[in-house]
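Peer 1: can you look at this prediction? I've put the sequence above it.
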Amino acid sequence: MKAYVIEEAGGPEALQLRDIPSPEATADEVKIRVRAFGLNRGETYLRAGKMGAITTPRVPGIEAVGEVIHDPAGVFRAGQRVATAMGGMQFSRNGSYAEQATVLRSNVVALSDTSLSWEELAALPEAYLTIWGALDKSLAIQAGQTLLVRGATSSLGLAAVAYAKARGLTVIATTRMQENAGLLYEVGADEVIVDSGEIAAAVRHAVPAGVDAALEVVGASTLRDTIKTLRPFGAVNVVGLLGGSLALEQFHLMQDLPDATKLSAFSSSMLGTPAMPLSESPLSWVAKETATGRMASLLARTFDFDDVRHAHSLIESNRALGKLVVRL
């Protein structure tokens, strides 16, 4: 089968299209024919060597949609439409940049009842499963609440806006560029704030008592300011690092963390674990809501399988708004 293989760290040219053996599913795995996959910054970080040295050939990719080829346990039937995300893909097992993949059964979700195209489906798994973990599991959002999404034009941010709006929340979204406001309103934002680096005063002007919850997609560089937007007993969850900084320098627990507020982080590496079984995920519901138009599509652009290098270049240019997808 054909697959993209990284043999040494580098730029997009490090993605080499190779013929490699087709994998076989073991007792706890499912073999999938990949029809499309979403692209993520984590894959560009792996390729560039930012996730450690490349000591053995690696197939990147942390999500995919496709059809079941074989499930040794018979839980999923041959030909069934499914989605998969994480479960060690691109780290402890080959990833999704391939014609076929074997993935952990615990990281497979059935999508049998959807009418969405493969490319539309491929825009959903990693983004919405991560948002499920951040908003439902970490922040315990409820209809009627107000949510701030800091860094809303990223694929995760757009998913958060669309998901929260569909769940009945009022959504305040931020962007660094005024020209992106229209997209955020289209996806579901009730108010858009242009982010100059400090937005707490603007958020407090819109919601004087403070927001119920905040999703921090930018990361450490804006976290202190985001925390200032919370009401007492409000909560912020860190889910992204778009700002680049991985560490909070001299974070003062008493001065920087307001009284009665909560700070947490969520990583999609938890997906499919006993703490987050994907059988409980809302992915099928998201697919149905997207198909009916009640939730906006995240799909920004579809690439052919032989154009993955170009897609990586676009991600790294920071010019992509929405989800980039590859269709096989």
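Peer 2: Everything's here; your move.
Peer 1: tell me the SS of the spatially most central residue of the chain?
Peer 2: Geometric centre of the chain, nearest residue: Ala127, 2.6 Å, by C-alpha atoms, centre = their mean. Recorded secondary structure, Ala127: helix (DSSP: H, G, I helix; E, B strand; the rest coil).
Peer 1: likewise for Ala152?
Peer 2: Quick answer, by three-state DSSP: Ala152 is coil.
Peer 1: relative to Ser264, how far out is it?
Peer 2: Going from Ala152 to Ser264 by C-beta to C-beta, to the nearest Å gives 19 Å. (C-beta placed from N, C-alpha, C; glycine too.)
Peer 1: the more surrounded of these two?
Peer 2: Using other C-beta atoms under 10 Å as the criterion, Ala152 and Ser264 rank with Ala152 on top: 29 against 14.
Peer 1: could you pick out the longest helix of the protein?
Peer 2: Ranked by residue count and defined by DSSP state H, the top helix of the chain is helix 155-166.
Peer 1: please name the nearest non-neighbouring residue to the residue nearest to the centre of the chain.
Peer 2: Nearest non-adjacent residue to Ala127, counting by C-beta to C-beta, 6 or more residues apart in numbering: Ala159, 4.0 Å away.
Peer 1: same deal with Ile227?
Peer 2: Nearest residue to Ile227, sequence neighbours excluded (C-beta to C-beta, 6+ apart): Val236, at 5.7 Å.
Peer 1: what is the burial count for Gly144?
Peer 2: For Gly144, using other C-beta under 10 Å, the count is 10.
Peer 1: in contact with the residue nearest to Ile227, which residues?
Peer 2: Ala213, Ala214, Leu215, Glu216, Leu223, Thr226, Ile227, Leu230, Thr261, Lys262, Leu263, Ser264 (C-beta atoms under 8 Å, 6 or more residues apart in numbering).
Peer 1: any idea of the mean pLDDT in stretch 84-96?
Peer 2: Mean pLDDT, stretch 84-96: 96.
Peer 1: please apply the same query to stretch 172-181.
Peer 2: 95.
Peer 1: then stretch 264-281?
Peer 2: On average, stretch 264-281 scores 94.
Peer 1: with only the CA atoms kept, save it in CSV.
Peer 2: The C-alpha coordinates for stretch 264-281 follow below in CSV (Å, rounded to 0.1, in the frame of the first residue of the first chain):
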residue,chain,number,x,y,z
SER,A,264,-7.3,22.9,33.8
ALA,A,265,-5.8,21.4,30.6
PHE,A,266,-7.0,18.8,28.1
SER,A,267,-4.9,16.7,25.7
SER,A,268,-6.5,14.5,23.0
SER,A,269,-4.1,11.7,24.1
MET,A,270,-6.9,10.8,26.5
LEU,A,271,-9.2,9.9,23.7
GLY,A,272,-10.2,6.2,23.8
THR,A,273,-8.8,5.6,27.3
PRO,A,274,-11.0,4.2,30.0
ALA,A,275,-11.6,7.8,31.3
MET,A,276,-12.9,8.8,27.8
PRO,A,277,-14.4,5.9,25.9
LEU,A,278,-15.3,7.1,22.4
SER,A,279,-18.5,5.1,22.6
GLU,A,280,-19.7,8.1,24.7
SER,A,281,-18.6,10.7,22.3
